[in-house]
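Colleague: Here's my sequence, what's the structure:
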Amino acid sequence: MNYQHLISPQTQYYHLPMPFGLEGGEVLTGVQVAYRTWGKLNLEGDNAVLICHALTGSADADDWWADLLGANKALDSDRNFIVCSNILGSCYGTTGATSINPLSKMPYGASFPAITIRDMVHLQAALVKYLGIKSLQLVIGGSLGGMQVLEWALLYPEIVQAIAPIATSGRHSAWCIGLSEAQRQAIYADPHWCDGNYTPDKPPNQGLAVARMMAMSAYRSWQSFTEQFGRQYDAGSDRFAIASYLQYQGQKLVQRFDANTYITLTKAMDSHDIAQGRDYQSVLYSIKQPALVVAIDSDILYPPIEQQELADAIPHGQLGLLKSIYGHDAFLIDIEALNELLINFS
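Modeller: Here you go, the predicted structure:
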C-alpha cells in the first residue's frame, strides 16, 4: 500500500518558460506556479485528478481536505495522481500581488493586473501539460474552486472526463458581488491602505480583518452560530462570544494573507460568468462530462437553487445534497458526508 497520503509532500514550483497572456490583454512574464502532488502518474498519463482550491486556500489540500485524501477515499493516491496548484493571483507561491514584478523589481501590489477564472484555469492547464497529464479523470473544487471546475469542463473538454463543482454557481450573483464589494470597501477604508501602496510593516490589517469577519458571517449559518455561540457573553472582554470569534478569525487571516490578493481574487470571482454574453442555459448544456454538482442545504452564500440550476441544465449532471448546519463552509467541515457523495459518484 502507498502511504504517501499520510505524509505532506513538499510544495514544488513550475516556472512558465514563456510570457502568459491574460484575458484582459496584459501579459505576465516570469510566471511561477506552486503545486503539490500525491500518488504517481501512470504510463498512459490518464489517472490524474485535479483539485481546485477556494478563495484563501492553497496547494496544500492535504491540510484543508486531509480526510478526503487516502486509501479507499474519494481522492485515493494509491489509484490516482492527484494535483493541486495555488491559483494565479494568490499569495502562496504562484505569481500574484505579493510577487516581484520582473520589470520594476518591486512587488506588484495594487498594480497586479485584473485576472479572471479563465486565466486561472489556463495557467493550471500549462502545469497539467508540463506534468505529462493526458487526461483528468476528475476536476473537483468548492466555491471559487468550483468556478474553476466549470471552466475546465468548457475550456478543455478533450482532457476532462468528469467534474465535481461544489457549493458554487455558473455566474456570480448580485448577492455575492454585493458582499464582496462591502469586504473590499472595508480594506479601502483602512487608514494604511493608501491606494494599495502600503509598506510591509504597516499593511491594512484592520480592513482585511473586517473583510474576513463579513465573509465568515456568510460562510456559516444561523443555526451553526446559534448552536455554537447563542448569546454567550464574556464579561472579561465585554463582548459577545460571536464577536470574539469573528475578531479572532479576522486576525488569523491577516497573519497569513494579503489585502491586495484578497481584492484581486474577489474581483475575479465577481467577473465569473461561464456564458460571457452567450445564452447561459445553452452553455451549461454544452458541458458533456458527467457532473456531480454538490449543494449544501444551509448555504446562504451560494444557495442550493444555484446548484440545482447547474445540475438540471448539464446533460449528465446530478445533484448531490450535503445536509449540514455549517453553511457554505460545510464542504471543508462535513468531510465524511462529502466523501460518501463523491465515492458514490465515482
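Colleague: got the residue ranges for the strands in the stretch 101-250 of the chain?
Modeller: Under the criterion DSSP state E, counting those that start in this stretch, strands of the stretch 101-250 of the chain are mapped to 136-142, 163-166, 233-234, 239-240.
Colleague: what packs against the helix or strand of the chain with the lowest mean pLDDT?
Modeller: In the chain, no helix or strand scores lower on mean pLDDT, DSSP states H and E than strand 233-234, which sits at a mean of 92. Based on contacts counted as 3 or more Cβ pairs under 8 Å, 6 or more residues apart in numbering; DSSP states H and E, the elements that strand 233-234 packs against are strand 239-240, helix 241-254. Using the backbone N, CA and C atoms, a C-beta is placed for each residue, glycine as well.
Colleague: Mean neighbour count, the ones you listed: which tops it?
Modeller: Greatest average neighbour count among these goes to helix 241-254 (a mean of 17), per mean count of other Cβ atoms under 10 Å.
Colleague: what does it rub up against?
Modeller: For helix 241-254, the surrounding residues in contact (Cβ atoms under 8 Å, 6 or more residues apart in numbering) are 56, 203, 205, 208-213, 216-217, 225, 228-230, 232-234, 237, 239.
Colleague: tell me the mean pLDDT over it?
Modeller: Averaging pLDDT along helix 241-254 yields 97.
Colleague: give me the low-pLDDT residue ranges for the stretch 51-200 of the chain?
Modeller: Within the stretch 51-200 of the chain, the stretches with pLDDT under 70 are 200.
Colleague: which stretches of it form helices?
Modeller: 61-64, 117-130, 144-155, 174-188 (DSSP state H, counting those that start in this stretch).
Colleague: of all these, which gets the most neighbours per residue?
Modeller: Mean neighbours per residue, mean count of other Cβ under 10 Å, is largest over the helices of the stretch 51-200 of the chain for helix 144-155, with a mean of 26.
Colleague: Note down every partner strand of the least confident helix or strand of the chain and its orientation.
Modeller: Strand 233-234 pairs in its sheet with strand 239-240 (antiparallel), by DSSP bridges.
Colleague: now the partner strand: how far from the chain's centre is it?
Modeller: The chain centre lies 31 Å from the centre of strand 239-240; the measure is Cα atoms, centre = their mean, to the nearest Å.
Colleague: Now do that strand: everything it contacts.
Modeller: Against strand 239-240 from outside (Cβ under 8 Å, 6+ apart): Phe229, Arg231, Gln232, Tyr233, Asp234, Gln247.
Colleague: related to what we said a few turns ago, would a markdown table of the helices and strands packed on strand 233-234 with distance to Ser324 be doable?
Modeller: A markdown table is the format used below for these (distance: least, Cβ to Cβ, whole Å):
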| stretch | distance to Ser324 |
| --- | --- |
| strand 239-240 | 24 |
| helix 241-254 | 18 |
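Colleague: any chance of the helices of the stretch 51-200 of the chain in a markdown table, plus distance to Gly93?
Modeller: Converted to a markdown table, these look like this (distance: least, Cβ to Cβ, whole Å):
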| stretch | distance to Gly93 |
| --- | --- |
| helix 61-64 | 14 |
| helix 117-130 | 12 |
| helix 144-155 | 17 |
| helix 174-188 | 22 |
